[in-house]
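Peer 1: Sequence first, then the predicted structure, then my questions.
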Amino acid sequence: MASSRAVSSIKRIIVTKLGTNFRDVTKFETIPVPTLKSKEVLIKNRFIGINASDINFSAGRYFGVSEPPFPIGFEGIGEVVAVGPDASLTPGQNVTYLNFASFADYTVVPEETAIPVPTCDPAYMTAMVSGLTASIALEKDADLTAGKTVLVTAAAGGTGQFAVQLAKMAGTHVIGTCSSEDKVEFLKTLGCDRPINYKTEDLDKVLAEEYPSGVDVVYESVGKEIFHTSLKHLANFGRLIVIGQVSTYQGDEAKTLGDFKDGPSAAIAMSLLVKCASVRGFFLALHIPEIGAHFSRLVHLYNSGKIRMTVDKGDKSEAGPFIGLEKIPDAIDYLYTGKSVGKIVVELPE
């Protein structure tokens, strides 16, 4: 095992029982660094990404993982410090990755899931779960063409920021929902044509009055009332892409993905039928083959100044800034306050 520094143990967060209250169902543990297998690498994490679905994972709703204990966390960025046999990466390289068990100071991953990056700029990591979801979903499911109208819900969030910018690059008119005037101003900097602060404006009324023909594409991550309002205002032949339902995640009543029930199915079906419209779900884990090309495109757009990748380190949070593994529960709580702008990240000391 080639190594650039001596590492004997890993401190990480594991799920000890299923549930959506992250603090109550997780704990820290320290384990020995395992012997790296063929084409595995050990990464010293410098930043860790926080996702709304972290509590879906802790609740056992994803990937058939339902028997605790198990490690948690989807993505990170850091430095390769050791490699197993036959690995092509080398110690000292900076990489970002999409792999389980990222809520740790060190993470072992198959090198095929680690992508070299120029520096440990956390912006590169935002292109993983958040950026890839927007990029692939819009390409596969949105049928974007110039002149269409696109509604992005939670537009100032980690993935919403990407959807706004990519939709604008396609020549569309972009509407974005958010929850504060600060976020309205942020969305304007991304090129959003019509930011809507749903705390001060009625989304249903705005869409009815300003977009009487409906919206062609909805990039939806909130659920509940926002979902139904979006569905109501779909144009003929419109497409509503569900990439999440963050408003439903914190309740323990939905134990599995199949248990999510929100709204009468007959009414939804008829609403789609009379418009020849469609609702499409998007789950990044089913699009692994597309990751490389889409990640490269996003990085190129970022490096060339064509898109922004905004990170939120918790500087404006009462519990922030988010530095150290111990701050991960605070960062998850912060995400659910709806006050974050861009992608929430936790920094780990070098």
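Peer 2: Alright, I've got the coordinates.

Peer 1: pLDDT below threshold where in this structure?
Peer 2: Within the chain, the segments meeting pLDDT under 70 span 1-5, 64-66, 252-265.

Peer 1: Please repeat the previous calculation with a cut-off of 90.
Peer 2: Along the chain, the model assigns pLDDT under 90 to residues 1-6, 60-67, 245, 247-272, 350.

Peer 1: The stretch 251-350 of the chain: helices as residue ranges?
Peer 2: Ranges of helices within the stretch 251-350 of the chain are 265-273, 291-303, 328-335, based on DSSP state H, counting those that start in this stretch.

Peer 1: With just CA atoms, put the last one into PDB.
Peer 2: Taking C-alpha atoms only, helix 328-335 is exported to PDB below (Å, rounded to 0.1, in the frame of the first residue of the first chain):
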ATOM      1  CA  ILE A 328     -22.200  17.800  10.800                       C
ATOM      2  CA  PRO A 329     -25.400  17.500  12.900                       C
ATOM      3  CA  ASP A 330     -25.500  21.300  13.100                       C
ATOM      4  CA  ALA A 331     -25.100  21.600   9.300                       C
ATOM      5  CA  ILE A 332     -27.900  19.100   8.700                       C
ATOM      6  CA  ASP A 333     -30.200  21.100  11.100                       C
ATOM      7  CA  TYR A 334     -29.200  24.300   9.300                       C
ATOM      8  CA  LEU A 335     -30.200  22.800   5.900                       C
END
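
Peer 1: Tyr334 touches Ser340, doesn't it?
Peer 2: Yes. Tyr334 is in contact with Ser340 according to C-beta atoms under 8 Å; the separation is 5.9 Å. Heads up, the C-betas are built off the backbone N, CA and C, glycines and all.

Peer 1: Which neighbours do the two have in common?
Peer 2: Ser317 (C-beta atoms under 8 Å, 6 or more residues apart in numbering).

Peer 1: Quick one: the strands in the stretch 251-350 of the chain, in order.
Peer 2: Shown for the stretch 251-350 of the chain, the strands assigned by DSSP state E, counting those that start in this stretch span residues 278-281, 311-312, 343-347.

Peer 1: what's the answer for the stretch 1-150 of the chain, then?
Peer 2: So, for the stretch 1-150 of the chain - with DSSP E, counting those that start in this stretch - the strands run 2-3, 9-15, 26-32, 40-49, 70-71, 75-83, 94-98, 106-110, 114-116, 149-152.

Peer 1: Please point out which parts of the third one sit buried.
Peer 2: Along strand 26-32, these residues count as buried under the neighbour rule (16 or more other C-beta atoms under 10 Å): Thr26.

Peer 1: Just give the strands next to it in its sheet, each with its orientation.
Peer 2: strand 9-15 (antiparallel) (DSSP bridges).

Peer 1: related to what we said a few turns ago, can you tell which of the helices of the stretch 251-350 of the chain is closest to Leu138?
Peer 2: Between Leu138 and those, the tightest spacing by C-beta to C-beta is seen for helix 291-303, at 10.1 Å.
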